[in-house]
Structure formats: C-alpha cells, structure tokens
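# build me a structure from this.
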Amino acid sequence: MATVNPNRMDLNLLRVFDAVFEDQNLLRAGKRLHLSQSAISHALARLREALQDELFIRTARGMEPTARALAMAAPLREALRSIHDTLGVQPFDPATASRTFVLAANDYVTSVLLVGLSRRVAAIAPAVDLVVRPSTRLDLAEQIDVGRIDLAIGIFAEVPPRFQSGPVWTQEDVLVMRKGHPLRRRRLRVDDLAEFPLVTVSLGGQEEGAVSGYIVERGLARQSEMFDRQALEDALAAIGQRPRYRVTVPHSLAVPELLLDSDMLSIVPAPLAQAFASRGDLHAKPLPYEVANVSLRAIWHRRHEHDPAHVWLREQLAEIAESTRGDQGTRQGTRQG
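Residues are numbered from 1 along each chain as shown. A predicted model of the protein is given here:
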C-alpha cells in the first residue's frame, strides 16, 4: 500500500472519492458535486496516482470499488463528516433541498409505514426522493457502515455502538384467517394451531444462518422471521404437538391470497393484520398463548445523529408512525438515540 503525505492531499479529491463510492457512477457523482464528468474523471485519476491504486473498476454494473477503496470508504466518510460539522452545518430546508434518502425495510413496513412517509415527503419536500432497499439483505450492516443506507427499520435484538436507534412502535403477533374460517366464531385453543397448517413469512430463516430467530452481521442482530416462531413451538410442545408450516414465503404480499381459498392460518404483526383485515375478507384474532410486545426500531449510523437532514427525516418518520398506529400499541418517535 502506498504511503501518502496527508499534508499534500487535496481535500476535494476525497470528496470526489466519497461521491463516486456512493453513486458508483461518474455522471451521478458529478451532479452531486456540481462538477462535469470530465472533472470527476480527472480528479479520480489524480487520486489513483496519489494512492497507487485503481480504486474503482468500470463494470457493466457501474464503478466497482477495489479492496483499497472499500477499506477507505467508511473512515473517510466519517472524517469528512467531522470536518463538515467542525466548519458548521447548513440548516436543512425541505422546501428547497434536493436530496435522496435510502431506507431499508421489509414489504410489511413499506406498505404500512413508508407509503405515508412518501406522501408527506412529496407534499413538503418536492425535490427529496426516497429509495427503499430490502432490509432482508445479508449485508445490511455493511451497507449502513459505508453510507449506502441512511435508515433501516426492523426488529433488532442487538445494535452495535456505532449505530444509533430509536423506537418506531411496539407490536405483537396475532392470527389471521379468512372470514369464513371454522375458527372464526369460537375461542381459539393452542391445539388449533397444530390442526390447521400455517402460512409463514421468513425474512431470512435458518438457511441464512439465523440463530435464535436473528441473523447477526457486523454486530447487528436482526429478526429472521416475521413472527415469534419459538413462542409458537413452545406453546404446542407443552401439549405434545408441533406446527405444520405448509407454505413459507419471503414477503407478506402473498399471504392474503394464500389464506382466502384455504383453511390455513398465518401469524403476523398486528399492524399488518389490521391492513389485511381492512380488505374485508380476512379476520384477525389474538393468539391463544402469551405473546411478547416487540419494538420496531429505526437505526442509523452515529455519523448522521446530528445531521439536520437526517434529523428531519427521522422526525417525519416519527410523526407518520404516530398517525399510522393511532391508538394501538406504544407510539414513540425516532428523534432520540
């Protein structure tokens, strides 16, 4: 690895590196920095010469970072953020700001929460765009580390110190069935969950290396199932029964259609069950065993904790969560870490 004299390094070159790493495209990086593609290419050439590394390789998918670039990206972004904070941060004006925020969420959170966030942002911040990535991706923590995801929403058992987090709401599991189901009009028993097969949503599952219902990556432990599988299996084991997982899907959108023409059941978070029930052809009931309230949380890298734009985004999310959940569960915002 080449030795570089930091006293002779042009700070603008590092800003170019950060933009190219973020966008993986010279044209988009130029637009971000208000520079021509030629200027970006020239700056990148100077940086490559100074560091004696290609840094980015042009591929069909864009500018792929080298191992050296990957190692530099996170600490360099942190350093640039510190310089920016030291020199003074400009206030964020949503009415005039042009910005793209990248969020990670599963399809349940996207449909129940982020649709409302999108409407609000469109109304008060017309030049702000939202990109939603799947929170089920196995490199979620890495993507937050390198700055490609601004905010991730999910259920996390452990959040490493380099991340900040705040609660969105608490939720519990409930049972969903079709309106004409045999269980619709009577009190549920635990053995019903052994008699009728289940449709389940897996956000990763054991095939992705989940342990005790969580996938751990870079110190971040995130939910691998959309419901508490262990609680169900423990309740049935107490009466000598086991559940039958007849259909397992990677997302929740297929659940209603799978339930409508069958006697299958599904265990989902209460806000999702409410959304299903609003269709008019599905019904939700409490589970016949004790279920725990779990906290849906938003997490972000600590370098964004005091960024006015990120603070604004978290405030909008908190207000949308409050209005979306209404009087159900505990409704807390994500303003505080």
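
# show the subsequent helix or strand relative to the helix or strand hosting residue 71.
Counting by DSSP states H and E, the element that carries residue 71 is helix 67-87. On the C-terminal side of helix 67-87, the nearest following helix or strand under DSSP H and E is strand 99-105.

# gap between residue 176 and residue 201?
Between residue 176 and residue 201 the distance, using CB to CB, to the nearest Å, works out to 11 Å. Backbone N, C-alpha and C define where each C-beta goes, glycine included.

# who touches both of the two?
255, 266, 268 (CB atoms under 8 Å, 6 or more residues apart in numbering).

# can you put those in TSV and add secondary structure and distance to residue 309?
TSV is the format used below for these (DSSP: H, G, I helix; E, B strand; the rest coil; distance: CB to CB, whole Å):
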residue	secondary structure	distance to residue 309
255	helix	35
266	strand	38
268	strand	33
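
# pLDDT and distance to residue 59 added to those residues, as a markdown table?
Written out in a markdown table, the entries for the shared contacts of residue 176 and residue 201 read as follows (pLDDT from 0 to 100; distance: CB to CB, whole Å):
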| residue | pLDDT | distance to residue 59 |
| --- | --- | --- |
| 255 | 96 | 38 |
| 266 | 98 | 41 |
| 268 | 97 | 40 |
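
# name the member of the residues you listed with the most neighbours.
Using other CB atoms under 10 Å as the neighbour test, the shared contacts of residue 176 and residue 201 are led by residue 266, with 26 neighbours.

# excluding chain neighbours, what is closest to it?
Residue nearest to residue 266 in three dimensions, not counting chain neighbours: residue 199, with 4.3 Å by CB to CB, 6 or more residues apart in numbering.

# partner strands of the strand or helix carrying that neighbour, with direction?
Secondary structure assignment for residue 199, by DSSP H and E: strand 198-201. Strand 198-201 sits in its sheet next to strand 245-249 (parallel), strand 265-269 (parallel), going by DSSP bridges.

# what about the helix or strand just after the last one, distance to the chain center?
Using DSSP H and E, the helix or strand that directly follows strand 265-269 along the chain is helix 270-277. Helix 270-277 sits 20 Å away from the centroid of its parent chain (CA atoms, centre = their mean, to the nearest Å).

# what's helix 270-277 in contact with?
Contacts made with helix 270-277 from outside it, assessed by CB under 8 Å, 6+ apart, are listed as 108, 111-112, 169, 171-174, 176, 252, 255-256, 268, 282-284, 324-325, 328-329.

# past it, which element shows up next along the chain?
Sequence-wise, the next helix or strand downstream of helix 270-277 (DSSP H and E) is strand 282-285.
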